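*Asks:* sequence and predicted structure below; questions after.
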Amino acid sequence: MKRKILLAILTIAASFIAVYVVYAQEGAQSYPTDDQVNAVAKKLYCPVCPNTPLDVCETKACQDWRAQIRDQLAKGWNEEQIIAYFVAQYGERVLGEPQRKGFTSMVWVLPLISIILGLVIVWQVLRSWKSRPSSQAAPVRAVPQVPADVQALVEKELREID
């Protein structure tokens, strides 16, 4: 009787081990981690909340989007395909940073142009200050002289006040 119970326990244990080994071998397609999902979600913005990245927003819509990103990653989609999908569905307003083509390229070019223009203006001003001769310095205004009789009257009145 003990032998039959031991044999039954060993058979059950062997079947669990076999199932575990087969399951581990089928697990080649791993489910994406939260870090992988957030790496994509960080590049998208919430459709409901203004100026809120998808990876930190806690609305129901964002939770659904992150779940959709997780499913797409599990199906083998890459980051560019997922972002292109959301842009096709919701427009460019969902992008964390504008695409670098067409009219939106001005977002990337204008700051550079502004910095260069500012540096040129500063350089021109400094050059004009350096080249200005010292004789062109602002003239010193002469202090007007007070007539002696007026000055004597003011001093007399000041002595009377004391």
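*Replies:* Now that the structure is in, tell me what you want to look at. Numbers count the residues shown, from 1 in each chain.
*Asks:* now the strands for the chain?
*Replies:* Secondary structure of the chain (DSSP state E): no strands present.
*Asks:* flag the helix or strand of it with the lowest per-element mean pLDDT.
*Replies:* helix 2-26 (a mean of 79; mean pLDDT, DSSP states H and E).
*Asks:* distance from the chain centre to that one, please.
*Replies:* Mean-position distance between helix 2-26 and its chain equals 53 Å (C-alpha atoms, centre = their mean, to the nearest Å).
*Asks:* summarise which helices and strands that helix is packed against.
*Replies:* Helix 2-26 sits against no helix or strand, with contacts defined as 3 or more C-beta pairs under 8 Å, 6 or more residues apart in numbering; DSSP states H and E. The C-beta positions use only the backbone N, C-alpha and C, and glycine is treated the same way.
*Asks:* ok, and what's touching it?
*Replies:* Counting by C-beta atoms under 8 Å, 6 or more residues apart in numbering, helix 2-26 makes contact with no residue outside itself.
*Asks:* list the residues that contact residue 31.
*Replies:* With contact taken as C-beta under 8 Å, 6+ apart, residue 31 is in contact with 70, 74.
*Asks:* at 6 Å what do you get?
*Replies:* Going by C-beta atoms under 6 Å, 6 or more residues apart in numbering, residue 31 touches residue 74.
*Asks:* residue ranges in the chain under the pLDDT threshold?
*Replies:* In the predicted model, the chain carries pLDDT under 70 at residues 22-30, 98-104, 133-140, 162.
*Asks:* where exactly do the helices run in it?
*Replies:* Using DSSP state H, the helices assigned to the chain run over residues 2-26, 34-41, 60-74, 79-90, 106-131, 148-161.
*Asks:* sounds good, over and out.
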